[in-house]
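# have a look at this fold, sequence not included:
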């Protein structure tokens, strides 16, 4: 250990001696001292590091702000687009259901299977609709006590043969082919108590219409003026009541309309793309207390909407990426210029101070040059103020060097023309030789 310590000490001393020799040679030759060169190199590295940090920081801020704004606006746009698409789809479905319901109300009471069979073709007006199925009460030709509304009257469902009983060679027979599909039966089950609900709201109106109709019928054979006038008044009241009844039934039908599964505006987050929309067919038939006569079912696929939204998301991501790249390029240029504007005066100050340090190691005559060594910094901020302070300091150092030079020069003249006596220690006495 002692030997190793001795070797380390000798090596360290040798390095120190070498550095001192180099410093002395540089001092005698007037060149920059090695320690100052090393300091300048270190400061340059720090300067480059400062510029790099400014550039990186500025670029990061620009990219983050650009991405935040792009993605935020993109999210809002997609959310708005999703709600708009969902609302538009729901409106189209409502219009189609209302049109089909109006047709069924016209043709189902007379069991006009020809006209009913043409109704499902209306789904062609809506690209998202896959098929339409109209179910209702059994045909009058069937001798059965089944009062359900599960009989197929019209459909263009390509898979209907797997959803009915006794499909047979003749296929679907309007009002006679019974649906056994579980989804259809579940929809029918939703209306088990609908007649009772409707009866509570419209039975009174329905009874009044029946009474007025009976009175009108009893007055039909009478042609006197009073009877004609009364019949006209009763007809107007009856028409008003029928309109009120129909409006009430339409409101109830809309309230019981829906879909399975439940359709929401969250199109993208839904794993389901196929929905069955349904609407009950309600109307008054004679004096019967039964108002539910059928159901309209439409299968709708939202796959096209999902694809369109995914396309919008891709467009938003691409736009955000392009914006980020443009921001990166512009941010890099802007950050580099900004960093250069900030670092350039600092570099001038650094160079000035290093030069001052080098000159201050030389003789007074060399140091006199500091009086005229100024830096020009045009900025009026803290860096500009610091430049003025450095210029003032440099000027003062130059003046001090000039005074020192004149003082030394005066001593030389005095020593040559007015030599003084020396004391025993080598100092000058105030006695002329």
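The structure has been received and is ready for your questions. Bear in mind the structure is a predicted one, so any value in this text is a computation, not a measurement.
# strands along the stretch 1-150 of the chain, start to end?
With DSSP state E, counting those that start in this stretch, the ranges of strands along the stretch 1-150 of the chain come out as 129-136.
# so where is it shaky, pLDDT-wise?
Counting by pLDDT under 70, the low-confidence segments of the stretch 1-150 of the chain come to 1-10, 12-51.
# all helices of it, in order?
2-29, 34-107, 113-118 (DSSP state H, counting those that start in this stretch).
# how far off centre is the last one?
In this case it means helix 113-118. Its chain's C-alpha centre lies 49 Å from the corresponding centre of helix 113-118 when counted by Cα atoms, centre = their mean, to the nearest Å.
# and what of the second one?
The chain centroid and the centroid of helix 34-107 are separated by 5 Å under Cα atoms, centre = their mean.
# against which helices or strands is it packed?
For helix 34-107, the helices and strands in contact under the criterion 3 or more Cβ pairs under 8 Å, 6 or more residues apart in numbering; DSSP states H and E are helix 2-29, helix 113-118, strand 129-136, strand 274-282, strand 292-301, helix 303-359. For the C-beta atoms, the positions are set from N, CA and C on the backbone; glycine is no exception.
# buried stuff in the fifth one?
This means strand 292-301. Of the residues in strand 292-301, those buried under the neighbour-count criterion (16 or more other Cβ atoms under 10 Å) are 292-300.
# tell me, how many residues neighbour residue 53?
Residue 53 sits with 11 neighbouring residues when counted by other Cβ atoms under 10 Å.
# can you tell me how far it sits from residue 65?
With distances taken as Cβ to Cβ, to the nearest Å, residue 53 is found 19 Å from residue 65.
# swap in residue 243?
As defined by Cβ to Cβ, residue 243 lies at a distance of 61 Å from residue 65.
# count the neighbours of residue 80 for me.
Neighbour count for residue 80, taken as other Cβ under 10 Å: 10.
# could you do residue 316 as well?
The burial count assigned to residue 316 is 17, neighbours taken as other Cβ under 10 Å.
# now do the contacts for the closest residue to it other than its chain neighbours.
In space, residue 316 comes closest to residue 74 once its chain neighbours are excluded; the distance is 3.4 Å by Cβ to Cβ, 6 or more residues apart in numbering. With contact taken as Cβ atoms under 8 Å, 6 or more residues apart in numbering, residue 74 is in contact with 313, 316-317, 319-320.
# same deal with residue 267?
Taking Cβ under 8 Å, 6+ apart as the definition, contacts of residue 267 comprise 82, 85-86, 302, 305-306, 309.
# format those residues as JSON lines; extra columns: distance to residue 389.
JSON lines is the format used below for the contacts of residue 267 (distance: Cβ to Cβ, whole Å):
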{"residue": "82", "distance to residue 389": "63"}
{"residue": "85", "distance to residue 389": "67"}
{"residue": "86", "distance to residue 389": "68"}
{"residue": "302", "distance to residue 389": "72"}
{"residue": "305", "distance to residue 389": "69"}
{"residue": "306", "distance to residue 389": "68"}
{"residue": "309", "distance to residue 389": "63"}
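# tell me the one of these nearest residue 96?
Ranking the contacts of residue 267 by separation from residue 96, with Cβ to Cβ as the measure, puts residue 302 on top at 14.8 Å.
# right, and the closest one touches residue 89 too?
Yes. In terms of Cβ atoms under 8 Å, residue 302 counts as a neighbour of residue 89; the distance is 6.9 Å.
# what residues are shared contacts of these two?
Counting by Cβ under 8 Å, 6+ apart, the contacts common to residue 302 and residue 89 are residue 128.
# isn't residue 320 right up against residue 69?
No. Counting by Cβ under 8 Å, residue 69 is not a contact partner of residue 320; they are 9.0 Å apart.
# neighbour count for those two, which is higher?
Remark: of residue 320 and residue 69, residue 320 carries more neighbours, 19 against 12, as counted by other Cβ under 10 Å.
# what sits against the more buried one?
For residue 320, the residues meeting the contact criterion (Cβ under 8 Å, 6+ apart) are 66-67, 70-71, 74.
# any quick ChimeraX command for the buried ones out of those residues?
Of these, the buried ones can be selected in ChimeraX as follows, counting by 16+ other Cβ under 10 Å:
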select :66,70,74
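# sec struct for residue 374, please.
Classification of residue 374 into helix, strand or coil gives coil, according to DSSP: H, G, I helix; E, B strand; the rest coil.
# what's the local residue count around residue 232?
Residues within reach of residue 232, counting by other Cβ under 10 Å, total 12.
# that one falls within a helix, correct?
Yes. Applying three-state DSSP, one finds residue 232 inside a helix.
# and it, how far is that from residue 226?
Separation of residue 232 from residue 226 (Cβ to Cβ): 11 Å.
# redo the contacts of residue 74 as TSV? Include distance to residue 263.
Written out in TSV, the entries for those read as follows (distance: Cβ to Cβ, whole Å):
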residue	distance to residue 263
313	21
316	25
317	27
319	30
320	30
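# for the residues you listed, which one is nearest residue 58?
residue 320 (19.6 Å).
# how far away is that closest one from residue 66?
In terms of Cβ to Cβ, residue 320 sits 8 Å off from residue 66.
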